Structure formats: C-alpha cells, structure tokens
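Novice: sequence unavailable; structure follows:
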C-alpha cells in the first residue's frame, strides 16, 4: 500500500459503512449500469488508498447535470487517475483534502512536478488551500509555470492562506477589469511581497521552484 | 455632522491635498465609474474662545465621482444661527492619476473653495497640486506639493509641501490608518503683514463595520516663525447606518483657526441624519470585488470563516425570493440561502466546508444555474461550466 495518513486510514477503516452511504446517494441519482461502473471505480480507489468522496461527488455532479452515463463514468475514471497522480506527487503524507485539491490543480494544467515542489516547501500540514489558489490562478489564465512559481514563493515566505486567497481574488478582479493575467499577477505580487518577510535561506533551496528573484516579485513597473 | 464642516474648513488650504491623497489609493482601486454622495441634516453646538456657545442648524451635501483615472468630489455646508444668520462654504476638488497597475502613480489635482457669512463678501481659494504615490498591497506613501491663492478680498499666496502614508489593516480596507505632514508657507498681500508658516501633522484612523463607520483624527500645528507652542486638535465621528441609505451621524472635536481665511478656533458637537446615495449594504465596504463584479450584474459569492469549522457563504444577488447554491459540498443538491433582514440583496448560509477548491453554481429564483461573476469560470466534465471557489 502506498503511504497515506491517518485520515486516509480512517477512510479505509470506515470504508464499508461509507460505501453503503455513498451507494445510497448514487442509487438515488444514477441508473443501475452507471452506478455499478462508478462503484467499480470507487472500489479501485479504496484499494489504492485514495479518497473516495471526490469520485462520488463527481458522479453526483454528472447526475445533477443530467450527463449521459458513459460521460459520468469517463469523468470519474479520469478523476481517479488524477487522484493517484496527486497522491504520489504529494507524498509522503497528503491528506484526502490535499489529494483532492491536487487533482483539481492537475485538471487545469498544473504538473505533477509543481505539486511535488509545493509539498517540498511545506512538508507537513495541509496544502489544500495553496493548491486551490494555484488552480484558481491557472483557471484565470496565468501560465502554469508562473502560477506555480508565485504560489511556491509565497508559501516559502510564510504567506497565510487568507493572503493567498486574497491574491487570487485580486488577480481575478484585475483580469476582469481588462488586465492580462500576468500583469495582474505582477501587480498583486508586488503588493504581497511588500508585506511578507524574505524567504528563509534554508527553505529557499528546497524544491525545483525558482527562489524569489527580482523578476518574479520585485520588478519595477 | 459639523465635523464635515470643520473638516471642510481645514481641507481648503492646505488640507484639501490630504483629502485627495487619502482618497487616491481607494479611488485608484475602482476601475469602473463610481458615484457616491450624501446629504446631512442636523444641528451643531459651537463654542469659540471667549464667546458663549451657540447652536446652529446645518445642511451638508457631499458628492463624489470616481473612475480608474480620476476623481471629482464636492461638498458643502450651510449653517443657520438662531439669529437667522448664515454661514456657507463649499469645495470642489478633482484629480487625475497615472494608469493603474503600476507601483508608482502620479497625481495632478486642483481644488476651489468658497466660504462666506451673512453680510460679508465671500473668501475664495484655489490650489493646484502634484503628487507621486508609491503603493503596495496594504498601503502606500506619497510626496508632493502645491500652490494656490486665497482671495479675501486681496490675494494671499500659499504653497504647500507634504508627505504622508496610509496602511490598511485588512484586505478590504475596512480598517486603515494614515498620517500626513504638511509644510505651509503663506505670503500676505501687504508687506507689513507676515503670512503664517507652519507644519501640520495629522493622524487619521478609519474603520468600517457592517453598519457603523468610525473616523478619528488628531493633529498638531507647529509655527515656524514664532516660537509658540504646538496647537493640537482632535475630532471623531460615528455613522450608524439604520438602513442601507439612512444613517445617523454624531461628531465632536476641536478645529484650529485658519488665519488666511479668517475662521476662528472652535469646539463643536453635532448630530445629523444622513441620507446616502449609494446602497450601504455594499458601498460602505471598499471591496475591490464589489465594484468590478457589480458592473455585469452577475451575482457574487464570497466565503468567510465562521466559528470552528463553519464557513459563511455570502451571496450578493438581486433575487425576488430565492437564492440557492448547488455545489460539491451540497452533494449537488440545491440549498437555500437566508435573506438578510435589512439588506435585500444579501443572502447567507453557514455550513461546514473543507478548505480547498470547490465547484459551485448559483440558482436565482429557480432559474438556470449560473456561475458567480467573481469566480473563475471553468468547464466541468459534462459540457457545462462551473465556478471555482477557494475556501480558507
């Protein structure tokens, strides 16, 4: 079995009961054939030590949106693969939330290396919110490499989750107001850089993410 | 409310520059035109040195228009004494700014004002100013100068140099502090009379709560030519918004004399009813997201921390009777939000939501699901679209 944390273990130990409840939810919304296919994927996830709820939720989303059965099955299968990649990239101790957030980031173009580098910067504790911010930035049009570098830099410098979320919101706001995603990110990064301490020397060497440079956070307008 | 009158007095020369300076960062954040204004109706109790106190009735309108590249504001006050005498003053100020998205932004501004009392000719002033702002995420600093003339009835020429800074304690700017130091030199119209020269130090603290706005200011004036003690002053005001557009304003303080314009030192306390132009349910919170997303009329969804694991979802939407949220954390079942008792466009829901990424859509009055305007819109896996919400 691949490494997982206590929360993942709890998922496994409570598996039969949870699966029953999940099956009930699926039974109420999916036809028999689709439900069986989804449950096969859920069983596979359970055997791999992956969180099950994102898969159930994806199936419920498809059902709510009246998607055809094969499309729901394909979406759940694709998510299973992303969850596995995410779990591996975030090893050794990702929480189910981390794994799910990593899978979301992968869905919008983040790379496995990006997830691994963020984990390296914050080896303990959840990185669900930084991964969510990465996802939002990428979904807002910021190039993946740039978004990864920025979020990693901010984590390294001790930015709080709220600061990361505010950054993402502000970038989105500037983009909505006509700025290019990269210009918007430049502006907000300058602001956050001004209120955060410099990165710790030891932490700056971790991961494969660029350390803070004048180009990334202190560029003059 | 008399505070606005006193502030207006101080604003004319040289503090109009401070007003614009404090406003500039906030205005710069608004990328779409924004109009706000109010009218205060009330009374004030005034006491000048060596004179008995007196009560006056006051009427004070204010109006401000701001865009991404400039701002125009006007304010005035009319006061009537029991002896049926009137005092009136008004100010019109405007500024243009360098394009946004730059750390350094220049500003050019101009201001005109007039002040008059019954049976006397008015005093008029104008001033030009230039300033450079250096802004960052939570604040900024500025430096600049200006020059102008006060006509009373002969001309007094005034020049000002100033430096200041501001800091916002939260991302929405609901709590902020600012400080300004300004040097003022005045040239009198007659060689026999020396114009005053002094330095003003001003500290301003502002806080906007959900229904209450607090403003506290204090400062001191230091004479340059004469070795005299610093003249301190202080003022405070509270606005309590009873409804989104009606509030009660209370203020008190001490204002310094303006030698050039001929206004005396005065202590005051006032209370007034304020009628606001903008809806305070959103307008009193200077959120960057509010203005931009209101432009397209799309509903907005924001999330804040509640107690423990609880998170509070806030939806701002113009709905007749029903706002529902459909999201991964609701198992994609519609869940109704509760309408705010006093703010009809505000809807909330408290629930336990795990930190991280969540997919969400809204349904207004039973219509089709829509993506909140302030969230990234992404394709789902089923041919539709969904919004990405990051929960702390």
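Specialist: Done, it's in. The shown structure was predicted, so the numbers you read here are calculated from the model rather than taken from an experiment. Residues are numbered from 1 along each chain as shown, chains lettered A, B, ... in the order given.
Novice: in three-state terms, label residue A:87 for me.
Specialist: Here residue A:87 is helix, with the state taken from DSSP: H, G, I helix; E, B strand; the rest coil.
Novice: model confidence at residue B:208, what's the number?
Specialist: Looking at residue B:208, its pLDDT stands at 77.
Novice: tell me how many other residues crowd it.
Specialist: Residues lying near residue B:208 (other Cβ atoms under 10 Å in any protein chain shown) number 21. Every residue, glycine included, has its C-beta placed from N, CA and C.
Novice: go on, residue A:164?
Specialist: Count around residue A:164 with other Cβ under 10 Å applied: 24.
Novice: tell me which strands and helices the helix or strand that contains it is in contact with?
Specialist: Taking DSSP states H and E as the criterion, residue A:164 maps to helix A:161-176. Applying 3 or more Cβ pairs under 8 Å, 6 or more residues apart in numbering or on different chains; DSSP states H and E, we find helix A:161-176 packed against helix A:128-139, helix A:144-156, helix A:181-195, helix B:288-294.
Novice: now that helix against helix A:144-156, angle please.
Specialist: 150 degrees (axes from the mean of the first three to the mean of the last three Cα atoms, to 10 degrees).
Novice: where does the prediction get shaky in the chain?
Specialist: I went with chain A, as the question did not name one. Residues of chain A meeting the criterion pLDDT under 70: A:1-23, A:177, A:187-221.
Novice: oops, I was thinking of chain B
Specialist: B:1-34, B:67-69, B:99-103, B:136-138, B:170-174, B:192, B:210, B:225-228, B:279-297.
Novice: most remote residue from it's center?
Specialist: Within chain B, the residue lying farthest from the chain centre (Cα atoms, centre = their mean) is residue B:382, at 45.8 Å.
Novice: quick one: classify the residue nearest to that one when sequence neighbours are not counted as helix, strand or coil.
Specialist: Leaving out its chain neighbours, the residue that sits closest to residue B:382 by Cβ to Cβ, 6 or more residues apart in numbering or on different chains is residue A:67, at 3.9 Å. With three-state DSSP as the basis, residue A:67 sits in coil.
Novice: and residue A:67, what does it touch?
Specialist: Residue A:67 makes contact with A:75, B:381-383, according to Cβ atoms under 8 Å, 6 or more residues apart in numbering or on different chains.
Novice: separation between it and residue A:29?
Specialist: 11 Å (Cβ to Cβ, to the nearest Å).
Novice: regarding residue A:25, what is its secondary structure?
Specialist: Here residue A:25 is recorded as helix under three-state DSSP.
Novice: wait, it sits on residue A:55?
Specialist: No. Contact criterion Cβ atoms under 8 Å: residue A:25 and residue A:55 do not qualify, at 11.7 Å.
Novice: the two: which has the busier surroundings?
Specialist: Using other Cβ under 10 Å as the criterion, residue A:25 and residue A:55 rank with residue A:55 on top: 26 against 18.
Novice: the more buried one contacts residue A:80, correct?
Specialist: Yes. Counting by Cβ under 8 Å, residue A:80 is a contact partner of residue A:55 at 6.3 Å.
Novice: shared neighbours of the two, anything?
Specialist: Listed contacts common to residue A:55 and residue A:80 are A:41, A:45; contacts here mean Cβ under 8 Å, 6+ apart.
Novice: for residue B:252, which residues make a bridge with it?
Specialist: residue B:236, residue B:269 (DSSP bridges).
Novice: what about it, how many residues nearby?
Specialist: For residue B:252, using other Cβ under 10 Å, the count is 18.
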